[in-house]
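J.: Build me a model:
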Amino acid sequence: MLNKLAIVTTFLVATASSVVAMPILTVYENDANSKAIELKVWKGYGLTINLIPTGETIKQVWIGDPSRFAFTSNGGLCQSSGGDSECAGGKATVIFLRQIDPIKFPVTSSSNGSTQITVLTNDNLYQFKIVPATGNPAYTSLVVKSDSDRPLPITRPRTPLPLTVQKPQSAPSDFPQPSPPPPVALMRPNPGTTLNGAIQRNDANALAFGLAEAGRKGQVKPGSTIWNKVQDAIKLLRRGKTIDEAISLSQVDKTTFHQLLEWGRL
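T.: You can find the predicted model right below:
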């Protein structure tokens with residue numbers, strides 16, 4: 001009995017250690033509405049369409065050719081013939097798509113089995129092209145996020161162009177030459193002060209470039225906890241927060257923060 005228990009325990013530990021998080025595909029609300037997005041549904045894995053971050057409720061779902069795909073949802077959907085009062089109880093926010101063995105329906109199908117899924121919410125109408133696929137999936141979940149969550153564009157501080165001084169043309173010798181104007185003293189800002197938040201914005205850009213470099217090197221995985229905390233720190237800097245405030249509010253490790261900042265300034 002003890003040997004059997006040890007074998008079962010070893011199997012459970014080995015199984016738990018082999019669990020790997022499936023990759024996620026992320027799009028933003030406006031892109032999902034305006035672009036023709038193609039989604040693959042891998043056999044044996046399926047695909048979830050997650051609208052929780054947008055705060056929307058799914059009302060109805062249609063699949064153009066239902067002979068290869070089936071879906072379920074995490075809440076009730078509206079009946080196609082029901083009124084608004086009957087739709088009030090629908091709280092679906094996630095759809096799960098999966099491949100099924102082809103059913104012979106009197107419908108026209110494409111050469112690769114692709115079709116269209118239409119998702120009607122209380123705010124939007126989403127349409128995606130879905131294609132059956134086999135093998136190891138590149139992703140198993142599509143997360144639609146609100147446009148307000150879209151990261152601000154990364155821009156490098158532009159190097160000012162050198163000033164070109166144009167020499168005045170010489171006047172005819174018959175006219176008196178004007179006296180040169182007195183030199184103008186240029187006031188330089190104190191390096192320790194900020195000018196309309198310029199230093200903070202430069203720090204935000206440097207931090208963003210440092211994070212991108214860390215992602216390229218594989219030292220920080222996109223979508224990880226550290227990645228998201230640094231994204232929060234970037235937003236805080238662009239809102240005028242100091243470096244210390246950004247570190248404190250985002251809870252980024254201080255050593256990691258300054259390392260990414262240094263990489264971004266190279």
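J.: Report the contact partners of the closest residue to P132 other than its chain neighbours.
T.: Leaving aside its sequence neighbours, P132 sits nearest to G113 (Cβ to Cβ, 6 or more residues apart in numbering; 4.6 Å). Every residue, glycine included, has its C-beta placed from N, CA and C. The neighbours of G113, taking Cβ atoms under 8 Å, 6 or more residues apart in numbering as the test, are 68, 102, 131-132.
J.: For stretch 53-72, give the distance from the opening residue to the closing one.
T.: End-to-end distance for stretch 53-72: 19 Å, by Cα to Cα, to the nearest Å.
J.: tell me which residues of that stretch are tucked away?
T.: Residues of stretch 53-72 classed as buried: 54, 56-61, 63-65, 67-69, 71 (neighbour count, 16 or more other Cβ atoms under 10 Å).
J.: same check, this time on stretch 210-217
T.: Buried residues in stretch 210-217 (16+ other Cβ under 10 Å): 210-212, 214-215.
J.: and these as TSV, adding distance to L152, secondary structure and pLDDT?
T.: What follows is the buried residues of stretch 210-217, written out as TSV (distance: Cβ to Cβ, whole Å; DSSP: H, G, I helix; E, B strand; the rest coil; pLDDT from 0 to 100):
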residue	distance to L152	secondary structure	pLDDT
G210	15	helix	86
L211	13	helix	87
A212	13	helix	85
A214	18	helix	85
G215	17	helix	82
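J.: Relative to L142, which of these is nearest.
T.: G215 (20.9 Å; Cβ to Cβ).
J.: Give me the nearest residue to the closest one, chain neighbours excluded.
T.: P222 (5.4 Å).
J.: Could you do A133 as well?
T.: Nearest one to A133, counting by Cβ to Cβ, 6+ apart, is K40 at 4.2 Å.
J.: So that neighbour sits against V131, correct?
T.: Yes - K40 is within contact range of V131, at 5.1 Å (criterion: Cβ atoms under 8 Å).
J.: between the two, who's got more neighbours?
T.: Remark: of K40 and V131, K40 carries more neighbours, 18 against 15, as counted by other Cβ atoms under 10 Å.
J.: before we move on, what SS does the more buried one have?
T.: strand (DSSP: H, G, I helix; E, B strand; the rest coil).
J.: And it, how far from G135?
T.: Applying Cβ to Cβ, to the nearest Å, the value for K40 to G135 is 10 Å.
J.: just L237 next, same as before
T.: 42 Å.
J.: Kindly report the same for L207.
T.: Counting by Cβ to Cβ, the gap from L207 to G135 is 38 Å.
J.: Check the burial of A233 by counting its neighbours.
T.: 29.
J.: can I assume it is in contact with E245?
T.: No - using Cβ under 8 Å, A233 is not in contact with E245; the gap is 9.5 Å.
J.: Taking the contacts of G113 together, which two end up most distant?
T.: Longest span within these, Cβ to Cβ: P102 and V131, 14.1 Å.
J.: can you give me the helices in the stretch 51-200 of the chain?
T.: Listed in chain order, the helices of the stretch 51-200 of the chain (DSSP state H, counting those that start in this stretch) span 84-87, 198-217.
J.: For the ones you listed, which has the smallest mean pLDDT value?
T.: The stretch with the lowest mean pLDDT among the helices of the stretch 51-200 of the chain is helix 84-87, at a mean of 54.
J.: Lowest-confidence entry in the contacts of G113?
T.: P102 (87).
J.: what number of residues lie near that one?
T.: Neighbours of P102 under the rule other Cβ under 10 Å: 12.
J.: That's all I had, so thanks and see you.
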